[in-house]
Structure formats: C-alpha cells, structure tokens
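> need the 3D shape of this:
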Amino acid sequence: MRPRFRLLLSLAVCLSGAAAFGADQLDLEVSPGLDGYASSSASIPVAVDIKNDGPDTRGMLIASSGTTTISYPVDLPRGSQKHLLTYPSTTYGTIDFTLKTDHDSVSKKFEPRGGRGGQTKTVLVITDTPGDFAFIRGKDASVTQKLANEGVQQSVIGDAYVSAKYAPARPVGYVNMACVVLGPGSERLTDEQVSALKLYTLTGGALLFIGGPSAPILDDPRWQDLLPAHAFHVTTLEHSATLSELGNEKVPTVTVMNGTPIPGAIARMDGSTLISAERYFGVGRVAYASFNPFDAPLNRWNGRQLAVSRLLRVVDSYRTGTVLDQFGGATDVSNVQNDPFSAELPPPNKVIYILIGYFVMVVPFNFIVLRRLKRGELAWFTAPVISLAFAGIFFASAGNLYAAKQSTATTGALFMESGFPTGVFIGSSDMFFPHGGSFDLKLHGIDSLGLVRENDMYSGYGGRGNEESLEAIDVGELQMPEMSADNLAFRNITYRQIVPATPAISISVNPKGKTGGTCTITNGSPYPLKNAVLNGPFASVPVPSLPAGESKTVDLKGTASQTPQRPADRGSAPGMPPGSAPQDVVGMGVEDIFRRGGGVSLVGTLEGFRPGPQIGELVAGRSTIRIVVVAKEAFGPK
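Predicted coordinates:
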C-alpha cells in the first residue's frame, strides 16, 4: 500500500470517528408535555430535553408537522441540559424534531399515542402526585337522563397530569383542556404559569381550586382576583346534607376549608359552611371546592365521582367554540370598493372555452383562411394580435387584482374582563400580496398560529395549492419575519394574540335592589366604541357610540327572576335548594352565555384597532374587530 494512500485512509477513519464522537455529544429526547394526554389531532405541549456534552454551541430546534414548521432558538453551553416545552400542531400525526447547531445536528420523531377524540373531555390536574384523579375517568356522571333528554350530550372524562415545575407557561398549552384542577403543589406555579392559566380561563376555560384541611394556594395573592370566595378557615362537618346531595351518597365526617362567597358568586351552602362556589371570569369559569377529594375519608367515598363531575361540568367546555363561532363569521362586503379578496378568476370551464377559441382562431385563420386569400405573410401580424386579444379576455376578470395594493382583512373578537390588565384576541387575517417576495408580518404577542389556506391565481387550476406552509419562530411568542409569497398571492392565518388592556374599556355595574340598576361604561382606549350592546339578565341595552376617553352611564331594568335557570348540576344561589330548575345548556345562544348567572357583558366594535399582521392597507369594509368585555360585578343575586 502506498504511503500517500495509507495517509488518506487514516485521515478518513479519524474524521469519521470524530464525526461520530461529535454526534454523540448532542442528545435529544422528546415526550408528551402532559402526562396522559397526547392527542394526534390537536396542538399539544411536547417536552424536549437537550443535553450538550460537547463545546459551546447554538442553533435551532425545529418542529415540523405536515405543512407547519416552528423553530425555537437555543443556546447550549458545554455541559448544559435544557428542558423546552414546544407547542407544535399534530394535525398530521408524526412530528419531526431536528436540532441544528453550529457543530452538528440530531433528529427524533414524536408520534402521539393514546390520543383522545370524539366526546372525550380531558381534565388536567397540576399536582405532585399524578394518578390521584383517576377516579373521574369514564362517562360524565353529572349528565343524568333528565339532562340528556334536554339535549345535554354525554361525554367521557379523561385525566392528564403535570407538575408545577413543567406546567405550560403559555395559554396555548391549556386550550384543549375542558378544565384545569389546581391540586397539591400548584402553589409553586411561576408568575408566567399563573398568567397563562388566567388567560386560558378568560377565553372559555374552567379552573377548579381544591380546599380541605390545608390549601396554601388559597393564600396566594396572585389568585385573589379570581377566587369565588375569601376569608378561608377550617371547619369540621360531622354531616353535610348539601355534600351528600351533591354526591348522591351520604358523606362521612369531613374537614373542609370554609369561606365566604364573594358578592354574586354561585354558592352551595350547608348552613353557614361553604361547600362550593363559582364565578365567571371573562367567558370562562372559576370554581372552588371546600373539600379535598384526594384525601381520606373522601378518597373512599362512593359519591366523589358524581360530586366532583358536577363541579367540573365538562359539558360546558363547548362554550368556547360556541362563542368563537359567533364572532368569527364572515363580514358584509357588498359595498367594499377595490377589495382584492372579492375578485374572482374565470371558472375552469370558461378557461377551457377561451383556449379552444384561441386555437380555433389561430390555426384555421392563419394557416387556412390567409393561405386561400394568398396573404399568408399576414400571419406574422395576425397571430400576435389574436394572442393579445385572447390574453386580454382571460385577464380582464383579474384586473382588480393587478390594480390592488397590498391588503389585509381581519375579523375576530377581543375578550376582556373589566379591570384585568390583559385581553386575548382570537381571529383570522386574509392577506393579499400583489408582488412576490419575503415579508415580515410584524406580529406581536401571538400565542398560537394556524394556516387556513394559501391561494394564488393559479391554485384553482392545479398550481401551487398543495404547497401551503407556515414557518414561524417561537421566542416566547410566535413571529413570522420571513413569510414568502408569489405575485398575486393570498394567505390566511388564524391566531390567538395576547393584547395589553391598559388603557382599556371597562364596565361597572351598580345593582339597585332586584328591579334595576346602572352600568357605567368607560372607554379608556384610543379607539371609538361603536354598535355596542349590553347583555345581562335584562333586556339588551343598545349603547350609543362612545368616543375615546369618554364615559357613559345607562339604566338597566330587570329582575333576578330573569336570570337564566341553572341546570341541576350547577347548584343554586344562597337560600335556594341545590339542583333546582335544569335547562338545556347545549342550546344556549351567545346572549345566554354572557347572561348566565346574572353576568353582564358589553359587545361592540372597536374602530381603528388593528390586531394581527401589520402590513398593507386594512380593508375596512371587510374587517370587523369586536370587543367582548365582561363585568366583574353581577346584576342581581346568583
């Protein structure tokens, strides 16, 4: 063997060994972010653990599923271990994770298993002892035959777990949960996690606090604006008729964390002892159980599944979808001028007729008619004239697209709780790009993103319709700094955006007895409020336009008897027997959702408020930004 050849061979072996050694320096592991929940058809938290035993490096963790790619920047000093919680879409099942760094790359696949679909509603428990909530699994025990006959759909309840250390710090991590239970250890949640849970509740989620002999979370000042009771103290009940009725089974002697319901809370009382209380926060619900179903003797009580399922009320998890459907519909664009989103291309059959006509004119006219006339040399002139004529016919209907400017049309609703510093906008934006290129959408506060469709003028004819893609960077919020688009391209994205609500629109209710009251509306935003309506247990009250910086007080007329009746598992107001007056909760309209339990809400439009993409001209006639503000005070007793 020649010396040069031996040298090259040795060098190749050394390089391959070094490469193998380098690959071993990076370790990547993926697992479900929530123990017991890994749906294959939803956006879910996925935990990624990274270990670097090599030199300092940095790069991107890329999560790809179908047409969606989300990148997470990572810094990896030598010897570091990183735990990341990612939020990819699992619409297409398998998710590919690739860690690309300055020195190397490593990949892993994540295949969700044990996913739940259909009527299954998952309850997430934040706790140090996973598995304690397994007693709730199975059919929803709170849906009686009577409620089923009234239209309440039967559901199956599933349980999932996460410790406070690894709980999501973004609302998107909870969005598919029917309810979140704050169990033992949840008092160690960080400020970011607490904020995420509040925003999850604001937009239709449900939160359950657990009492019992010891409940340190009840003393946490971060939750005081949400709790439906206060002044907590320990009480021992030798016998509780209310709790026994709640579980349809006699309850043993039990120690509870008694408290005083806040004004307007829906409460179950056993004499002067609080059994449960709940209030509404935004379009979501906060409940409190003074007893602890995890501890003895209630962990051996046959009635705890029914009692707890009545407090969870997972059948109400439909409400978020109902509310969003009401506010995410199409807008009236009949009077919109120069709207590129209304332009239509010729239908395929018309295109075929145009092409047939073109070939008929070009071939017979140029090569037959002109030859018979012995003027064949004119074909050099007539052929391009015919081509231009047919091109004009084809593109005539697309003239508005060529004349239109870069445009955006946004629809959706901003959900707020009066006095709460943050709101959430849920909606979608259509974008039109007359010229191709790479664009920064200038997104801020985006918690989740989805791509609805991608069209250009040829996609309807088998062009780029299958090349839809969404590429975002997650830096604690989602950004799209380089979205690519071709000429005459359309894009549509859906998103949830966290919006600071200061200065904000606030409503303050001042009930007067059982027959009326007033509501003061203050527009602290820089945008005019228009077409607003107050909803509550009274006749809806139209609110005249309210300019920025102004306040208005309107009279409310109604009685507590007009409050929508609660279903049997909802308890009752103090002084009323538990389980009175069931109703069809599935059939409630959006007005009933805001009126439930005596709540008051303001629904209107904000003129000039522009969430989402900040590019192009906003097509005013196609954009509708609604605002939903829920009052902290209730109108009349609950």
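> which residues of the stretch 201-350 of the chain score low on pLDDT?
Residues of the stretch 201-350 of the chain meeting the criterion pLDDT under 70: 317-350.
> check the stretch 51-200 of the chain too.
In the stretch 51-200 of the chain, residues with pLDDT under 70: 91-92, 113-119, 144-153.
> repeat that with 50
Within the stretch 51-200 of the chain, the stretches with pLDDT under 50 are 115-117.
> roughly how far out does stretch 129-146 sit from the chain middle?
A distance of 25 Å separates the centroid of the chain from that of stretch 129-146, by CA atoms, centre = their mean, to the nearest Å.
> got the contact list for that stretch?
Applying CB atoms under 8 Å, 6 or more residues apart in numbering, the set of residues contacting stretch 129-146 from outside is 35-36, 121, 123, 125, 127, 152-159, 161, 163, 181, 183-185, 293-294, 304-306, 308-310, 312-315, 568-569, 582. Any C-beta I mention is one placed from the backbone N, CA and C, and that applies to glycine too.
> buried ones in that stretch?
Within stretch 129-146, the residues that qualify as buried are Pro130, Asp132, Phe133, Phe135, Ile136, Asp140, Ala141, Ser142, Val143, Thr144, counting by 16 or more other CB atoms under 10 Å.
> closest one of the residues you listed to Phe538?
Ser142 (29.5 Å; CB to CB).
> just the buried ones from the contacts of stretch 129-146?
Counted by 16+ other CB under 10 Å, these give 35-36, 121, 123, 125, 127, 152, 155, 157-159, 161, 163, 181, 183-185, 293-294, 304-306, 308-310, 312-315, 568-569, 582 as buried.
> and the residues you listed, which of them are in helices?
Members of these lying in helices (criterion: DSSP state H): Arg304, Gln305, Leu306, Val308, Ser309, Arg310, Leu312.
> now render the residues you listed as a markdown table, adding distance to Ala169.
Formatted as a markdown table, those follow (distance: CB to CB, whole Å):
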| residue | distance to Ala169 |
| --- | --- |
| Arg304 | 31 |
| Gln305 | 31 |
| Leu306 | 34 |
| Val308 | 27 |
| Ser309 | 29 |
| Arg310 | 31 |
| Leu312 | 24 |
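> now, which of those residues sits nearest Val385?
Leu312 (74.4 Å).
> Ala196 sits in which helix or strand?
Assigned by DSSP states H and E, Ala196 belongs to helix 191-202.
> wait, Ile50
Ile50 belongs to strand 46-52, assigned by DSSP H and E.
> what sits up against that strand?
Contacts for strand 46-52 (CB under 8 Å, 6+ apart): 25-33, 61, 63, 74, 76-88, 95, 97, 99, 110, 166.
> what subset of the residues you listed is buried?
Buried members of these, counted by 16+ other CB under 10 Å: 25-26, 28, 30, 32-33, 61, 63, 74, 76, 82, 84-88, 95, 97, 99, 110, 166.
> from those, which land in strands?
26, 28, 30, 32, 61, 63, 74, 76, 82, 84-86, 95, 97, 99, 110 (DSSP state E).
> greatest separation within these: which pair is it?
So, those by CB to CB: farthest apart are Pro32 and Leu76, at 23.2 Å.
> quick one: Arg222 is in a helix?
Yes - looking at Arg222 with DSSP: H, G, I helix; E, B strand; the rest coil, it is inside a helix.
> any idea how far Pro544 is from the nearest residue to Thr122 once chain neighbours are set aside?
Using CB to CB, 6 or more residues apart in numbering and skipping residues adjacent in sequence, the residue nearest Thr122 is Gly158, 4.6 Å away. Applying CB to CB, to the nearest Å, the value for Gly158 to Pro544 is 48 Å.
> and Gly524, by the same measure?
Relative to Pro544, and taking CB to CB, Gly524 is found at 17 Å.
> neighbour count winner among the two?
Higher neighbour count among Gly524 and Pro544: Gly524, with 14 against 10, using other CB atoms under 10 Å.
> the stretch 201-350 of the chain: helices as residue ranges?
Assigned by DSSP state H, counting those that start in this stretch, the stretch 201-350 of the chain shows helices spanning 241-247, 304-312, 319-327, 348-360.
> residues in contact with the second one?
When contacts are taken as CB under 8 Å, 6+ apart, the neighbours of helix 304-312 outside the stretch itself are 123, 135-136, 138, 140-142, 157, 178-179, 181, 206, 208, 243, 246-249, 276, 278, 287, 289, 293, 298, 569, 571.
> pull out the buried positions in the helix holding Ala196.
Those would be Gln193, Val194, Ser195, Ala196, Leu197, Lys198, Leu199, Tyr200, Thr201, Leu202, for helix 191-202 by 16+ other CB under 10 Å.
> over to stretch 419-432?
Buried, per 16+ other CB under 10 Å, within stretch 419-432: Phe420, Thr422, Gly423, Val424, Phe425, Ile426, Gly427, Ser428, Ser429, Asp430, Met431, Phe432.
> hmm, back to that, and the ones in strands among the buried ones among the contacts of strand 46-52, which is closest to Ala634?
Among these, and counting by CB to CB, the member closest to Ala634 is Leu85, at 36.4 Å.
> what about stretch 161-176, distance to the chain center?
13 Å.
> ends of stretch 476-486, how far apart?
29 Å (CA to CA, to the nearest Å).
> which residues does it contact?
70, 431, 433, 436-441, 443-449, 456, 464, 470-473, 491, 495, 498.
> for Phe420, which non-adjacent residue is closest in space?
Phe420 sits nearest to Ala501 (CB to CB, 6+ apart), 6.6 Å away.
> count the residues that sit near that neighbour.
Neighbour tally, Ala501, other CB under 10 Å: 23.
> show me what contacts it?
Met416, Phe420, Pro421, Thr422, Gly423.
> look up how far Leu602 lies from it.
Taking CB to CB, one finds Ala501 at 13 Å from Leu602.
> contacting residues around Ile505?
By CB under 8 Å, 6+ apart, the neighbours of Ile505 are Met416, Ile521, Thr522, Asn523, Gly524, Ser525, Leu529, Leu602, Ile627, Val629.
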